[in-house]
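1. Pasting the sequence and the predicted coordinates here, then a few questions.
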Amino acid sequence: MVHHQNKAIREGDNPDLTAERVTGTFDTHSMAAQIYNSEAHARRRREITEIIAKRPELHDTKPFPFMTREEKILESSRKLTLITKHMNEIIEPNNSNEMFHLNNEVLGIEGHPMALHGIMFIPALTAQASEEQQKKWLTRAINREIVGTYAQTELGHGTNLQNLETTATYDVATQEFVLHTPTITGLKWWPGNLGKSSNYAVVVALMFIKGKNYGPHTFMVPLRDEKTHQPLKGITIGDIGPKIAYNVTDNGFLGFDHYRIPRTNLLMRHTRVEPDGTYVKPPHAKINYSAMVHVRSHMITGQAIMLSYALTIATRYSSVRRQGQIDTTQPEVKVLEYQTQQHRLFPYIARAYAFVFAGAETVKLYERVLEEVATGNVSLMADLHALTSGLKSVVSHYTAQGIEQARMACGGHGYSQASYMSEIFGVAVGGCTYEGENMVMLLQLARYLVKSASLVKTGQSSKLGPLVAYLGAKSDSTSLIDRTPTTGFAEYVKTFQHIARRQTLKAADKFFGLMEKGEKRPIAWNKSSVELNRASRLHTRLYIVEAFVRRVEEVADPRLKEVLTDLLHLHVNYELLDMSTYALEDGFVSSSQLDYVRDQLYFYLAKIRPNAVSLVDSWEFSDQELRSVLGRRDGHVYENLFAWAKASPLNKTDVLPSVDKYLKPLMESARASKL
Ligand SMILES: CCCCCCCCCC/C=C\C/C=C/C(=O)SCCNC(=O)CCNC(=O)[C@H](O)C(C)(C)COP(=O)(O)OP(=O)(O)OC[C@H]1O[C@@H](n2cnc3c(N)ncnc32)[C@H](O)[C@@H]1OP(=O)(O)O
Ligand SMILES: Cc1cc2nc3c(=O)[nH]c(=O)nc-3n(C[C@H](O)[C@H](O)[C@H](O)COP(=O)(O)OP(=O)(O)OC[C@H]3O[C@@H](n4cnc5c(N)ncnc54)[C@H](O)[C@@H]3O)c2cc1C
């Protein structure tokens with residue numbers, strides 16, 4: 001048997017796809033180890049996939065698009081119960097990476113009844129509950145004796161937390177907090193799994209003690225009777241209805257009617273309220289925003305994975321789809337041969353790799369900050385907040401764009417739910433909104449950038465943190481791209497630094513200039529905000545390029561290094577063209593240099609072409625995880641599209657009741673009136 005570098009090759013596959021795999025120049029298992037950050041985890045992912053493949057009870061009973069929302073929730077609950085029961089046979093206990101993979105394989109991306117339990121409820125208790133509170137609730141939560149969510153957003157307010165309407169008023173006499181929803185707009189609205197699944201929530205409410213508003217605080221709140229699951233007295237609760245996607249998750253509403261909880265249900269790791277109402281301040285005002293920072297830090301990887309789902313589907317399909325000729329004397333070509341198709345897909349393949357590498361760095365920083373904060377050191381919180389705010393915005397934006405490009409690259413079949421593209425898009429695009437609307441989060445990063453710009457302008461560049469140190473550096477007068485014998489990545493990084501620095505300083509100048517002219521700070525901020533957000537995007541895109549460069553430098557295997565270097569070339573050239581307005585504005589890059597960049601881009605599209613399928617195969621998504629007829633590993637698309645269509649509920653009978661009831665009589669009366 002021949003051992004190929006691409007480990008997805010199997011006998012009997014569509015030969016067009018096998019031909020693509022044979023041309024791969026690197027070992028896809030080794031690339032998976034880069035993507036998933038360790039050989040051990042990449043191997044464990046494969047093992048988990050194999051275990052699941054052998055357990056039919058963990059497979060979908062029918063394609064998701066053919067199920068109603070209720071059926072999907074039932075099916076998801078069935079599988080969730082099974083994986084909870086058999087967890088230790090499938091994954092290592094408490095390994096969140098393995099858990100994430102298990103969920104994606106078995107439950108899929110549309111959510112499940114305990115999605116928020118793992119992503120926000122447990123992280124909130126871990127970071128914000130005192131040891132005593134953790135003893136009481138955390139172990140029960142980890143054991144799934146109770147199910148919880150994170151209830152912060154309201155019907156009227158999601159972004160502006162200071163103006164939430166839910167109040168938690170301390171009653172010194174009974175040592176209780178009274179939770180209350182004063183208006184319709186004060187109803188909690190959106191929290192995942194709040195509607196029907198959770199019996200507890202970490203609730204964010206404005207805390208009032210003796211008439212004073214202490215701002216948003218987090219409380220552990222029982223919502224439903226632990227035995228009957230009926231809502232407790234004083235609680236109004238339900239599902240908010242179907243959404244664009246993510247419909248297995250019961251995003252919910254919640255109202256309180258003077259609902260009492262003990263004082264000790266305020267999460268008290270960093271903040272305290274004494275029995276007499278004395279308030280003990282936390283070491284950092286935003287320390288209780290940690291569950292949001294948790295998701296923002298992890299969602300970079302989550303988004304990269306969803307982008308890669310779409311790219312895997314589109315790239316495989318483009319290798320089996322033949323349409324039209326390039327050379328009219330030759331047979332029809334695979335659509336992947338078209339330069340336009342490559343230009344649509346390959347830069348996003350590069351972005352997906354860039355995002356997953358940036359995501360790995362972010363999680364590392366998050367874990368470090370989590371440990372430091374637990375010991376009272378809050379010094380890196382602002383850096384982490386700035387970084388994750390920018391990354392969640394930029395990455396979710398390009399992920400949604402990339403998925404839509406991948407869908408269009410599949411032509412008509414991309415529009416069928418058999419492709420699963422619409423669900424992948426719908427779930428991913430939610431990331432542009434949840435955990436802070438993207439514009440809002442870019443403005444959070446902009447605050448950090450403006451402060452950094454101030455340091456530069458006042459000659460205090462030495463105080464800049466490592467993520468913004470480049471703001472204090474001097475630029476070359478022009479970019480060195482194509483001006484040195486060999487243009488390396490360093491020239492590109494310097495060019496991106498120049499662009500981000502110039503935009504940051506320009507936006508900050510605009511902001512400070514408006515204030516000097518007498519505008520109040522918030523007005524000046526609003527009038528500068530488009531320019532400020534441009535700076536945030538450029539800064540974040542620079543960070544992503546740097547993270548990609550750092551990773552490629554670390555890779556030892558020469559075959560992997562070569563293909564990752566090709567991807568990085570594609571990435572930096574594509575990015576530079578995409579932001580060329582900024583580069584041309586001050587003549588830092590000339591139009592002849594951009595011609596070079598364009599030529600490089602086309603060169604690397606062609607160079608990557610033989611590795612395209614291997615690059616997407618390296619993510620090692622099983623068919624069960626992808627849930628896409630177009631993206632099947634074996635490439636047998638057409639016969640399976642036909643089988644899928646035949647299984648559609650509409651094809652259960654030859655004549656639909658609607659035809660019997662309406663169309664037949666309509667046609668009959670039309671015919672009769674002609675007589
Ligand atoms: C392996 C796991 C894979 C996981 C895959 C993930 C898949 C996830 C799927 C789950 C699906 C959905 C879950 C969704 C959940 C939610 O959406 S929960 C609700 C989220 N809501 C938001 O994000 C609201 C956005 N708004 C805010 O965050 C705040 O309102 C905002 C930060 C905009 C402002 O807050 P204020 O308190 O009003 O701020 P202000 O007083 O103006 O002060 C600003 C000041 O504070 C600093 N700051 C803000 N936040 C932080 C922080 N977290 N850490 C450190 N510092 C912070 C900010 O920098 C400012 O500082 P400055 O010095 O004054 O400039
Ligand atoms: C799929 C999904 C899951 C969710 N899960 C949860 C959950 O589990 N728990 C939870 O508590 N919440 C959850 N949410 C809610 C989510 O966090 C909020 O919807 C989000 O933070 C945006 O807030 P908003 O809806 O108030 O948007 P708005 O703030 O109303 O945004 C509307 C527009 O106003 C702009 N805008 C608002 N403020 C400013 C500003 N200061 N400067 C400039 N522009 C501004 C925005 O950019 C946007 O264009 C979820 C939402 C979705 C879509």
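-> On my side now, so go ahead. Keep in mind that this is a model prediction, so the values were computed, not measured. Ligands and ions are numbered 1, 2, ... in the order given.
2. Residues of the stretch 301-450 of the chain that sit close to ligand 2?
-> Listed as neighbours of ligand 2 in the stretch 301-450 of the chain under the rule Cβ under 6 Å from any ligand atom: 430, 433-434, 436-437, 439-440, 443. All C-beta atoms are positioned from the backbone trio N, CA, C, and that covers glycine.
3. Determine the number of other residues adjacent to the closest residue to F496 other than its chain neighbours.
-> What sits nearest to F496 in space, not counting adjacent residues and going by Cβ to Cβ, 6 or more residues apart in numbering, is L542, at 4.4 Å. By the criterion of other Cβ atoms under 10 Å, L542 has 23 neighbours.
4. tell me what the host helix or strand of L542 is packed against?
-> Per DSSP states H and E: L542 is located in helix 521-554. Contacts defined by 3 or more Cβ pairs under 8 Å, 6 or more residues apart in numbering; DSSP states H and E place helix 521-554 against helix 339-374, helix 381-409, helix 438-457, helix 489-516, helix 558-578.
5. Deepest in the core, which of those helices is it.
-> Across those, the average number of neighbours (mean count of other Cβ atoms under 10 Å) peaks for helix 381-409, which reaches a mean of 24.
6. between that helix and helix 521-554, how many degrees?
-> Going by axes from the mean of the first three to the mean of the last three Cα atoms, to 10 degrees, helix 381-409 is angled at 70 degrees with respect to helix 521-554.
7. Please compute how far helix 381-409 lies from its chain's middle.
-> 7 Å (Cα atoms, centre = their mean, to the nearest Å).
8. and what of stretch 236-245?
-> Centroid separation for stretch 236-245 versus its chain: 21 Å, with Cα atoms, centre = their mean.
9. List of residues touching it?
-> The contact list for stretch 236-245 (Cβ atoms under 8 Å, 6 or more residues apart in numbering) reads 69, 110, 181, 187, 189-190, 194-196, 223-224, 231, 250-257, 422-423, 425-427, 429-430.
10. Out of those, which sit inside strands?
-> With DSSP state E as the criterion, strands contain 189, 252-256 from among the contacts of stretch 236-245.
11. Specify which member of those residues is nearest to ligand 2.
-> Ranked by distance to ligand 2 (Cβ to the nearest ligand atom), those are led by W189 at 7.8 Å.
12. excluding its backbone neighbours, what's nearest that closest one?
-> Nearest non-adjacent residue to W189, counting by Cβ to Cβ, 6+ apart: L155, 4.2 Å away.
13. H539 touches I499, doesn't it?
-> No: assessed by Cβ atoms under 8 Å, H539 is found out of contact with I499, at 9.7 Å.
14. Indicate which one of the helices and strands packed on helix 521-554 is closest to A606.
-> Closest approach to A606 among the helices and strands packed on helix 521-554 (Cβ to Cβ): helix 339-374, 7.7 Å.
15. three-state assignment of the residue nearest to E176 when sequence neighbours are not counted?
-> Nearest residue to E176 in three dimensions, chain neighbours excluded: R260, at 4.6 Å (Cβ to Cβ, 6+ apart). Secondary structure, DSSP: H, G, I helix; E, B strand; the rest coil: R260 is strand.
16. Can you give me the neighbour number for R260?
-> Neighbours of R260 (other Cβ under 10 Å): 13.
17. was I right about it contacting Y170?
-> No: R260 is beyond contact range of Y170, at 11.0 Å (criterion: Cβ under 8 Å).
18. what is in contact with these two at once?
-> Counting by Cβ under 8 Å, 6+ apart, the residues touching both R260 and Y170 are 176-177.
19. Would you mind listing what in the stretch 401-550 of the chain touches ligand 1?
-> Counting by Cβ under 6 Å from any ligand atom, the stretch 401-550 of the chain sits next to ligand 1 at 434-436, 440, 444, 447.
20. Please identify which two of the residues you listed are farthest apart in space.
-> Of all pairs drawn from these, the widest gap by Cβ to Cβ lies between Y434 and R447 and measures 21.0 Å.
21. Ligand 1 contacts on the stretch 151-300 of the chain?
-> Near ligand 1, when you scan the stretch 151-300 of the chain using Cβ under 6 Å from any ligand atom, you find 152-153, 158-162, 192, 286, 289, 292-293, 295, 298-299.
22. 8 Å instead, please
-> Residues of the stretch 151-300 of the chain found near ligand 1 (Cβ under 8 Å from any ligand atom) are 152-153, 158-162, 190-192, 215-216, 246, 249, 284-287, 289-293, 295-296, 298-299.
23. taking those residues one by one, which sit in strands?
-> Judged by DSSP E, the subset of these located in strands is 215-216.
24. out of the residues of the stretch 151-300 of the chain next to ligand 1, which are buried?
-> 152-153, 158, 161, 190-192, 216, 246, 249, 284, 286-287, 289-293, 295-296, 298-299 (16 or more other Cβ atoms under 10 Å).
25. so which of the residues you listed are also by ligand 2?
-> The residues of these that also fall near ligand 2, by Cβ under 8 Å from any ligand atom, are 152-153, 158, 190-192, 246, 249.
26. JSON lines for the residues you listed, including pLDDT and distance to Y348?
-> Formatted as JSON lines, these follow (pLDDT from 0 to 100; distance: Cβ to Cβ, whole Å):
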{"residue": "Q152", "pLDDT": "98", "distance to Y348": "32"}
{"residue": "T153", "pLDDT": "98", "distance to Y348": "30"}
{"residue": "G158", "pLDDT": "98", "distance to Y348": "29"}
{"residue": "W190", "pLDDT": "98", "distance to Y348": "29"}
{"residue": "P191", "pLDDT": "98", "distance to Y348": "32"}
{"residue": "G192", "pLDDT": "98", "distance to Y348": "27"}
{"residue": "Y246", "pLDDT": "98", "distance to Y348": "22"}
{"residue": "T249", "pLDDT": "98", "distance to Y348": "26"}
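27. Tell me, what's the model's pLDDT at the residue of the stretch 251-400 of the chain found nearest ligand 1?
-> As assessed by Cβ to the nearest ligand atom, ligand 1 sits closest to G302 within the stretch 251-400 of the chain, at 2.9 Å. Looking at G302, its pLDDT reads 98.
28. how much space between it and ligand 2?
-> According to Cβ to the nearest ligand atom, to the nearest Å, G302 and ligand 2 sit 12 Å apart.
29. repeat for L576
-> L576 is 28 Å from ligand 2, where distance means Cβ to the nearest ligand atom.
30. What of V655?
-> 39 Å.
31. Kindly report the same for S475.
-> From S475 across to ligand 2, the span is 30 Å (Cβ to the nearest ligand atom).
32. Which helix or strand contains the residue of the stretch 1-150 of the chain found nearest ligand 1?
-> Residue of the stretch 1-150 of the chain nearest ligand 1, by Cβ to the nearest ligand atom: F100 (3.9 Å). For F100, the host element (DSSP H and E) is helix 96-106.
33. Can you list the buried residues in that helix?
-> Quick answer for helix 96-106 (16+ other Cβ under 10 Å): 97-106.
34. Can you narrow those down to the ones near ligand 2?
-> Of the buried residues of helix 96-106, not one also sits near ligand 2 (Cβ under 8 Å from any ligand atom).
35. Please dump those into JSON lines; it should also carry pLDDT for every row.
-> Output for the buried residues of helix 96-106, formatted as JSON lines (pLDDT from 0 to 100):
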{"residue": "N97", "pLDDT": "95"}
{"residue": "E98", "pLDDT": "97"}
{"residue": "M99", "pLDDT": "96"}
{"residue": "F100", "pLDDT": "96"}
{"residue": "H101", "pLDDT": "97"}
{"residue": "L102", "pLDDT": "97"}
{"residue": "N103", "pLDDT": "97"}
{"residue": "N104", "pLDDT": "97"}
{"residue": "E105", "pLDDT": "97"}
{"residue": "V106", "pLDDT": "98"}
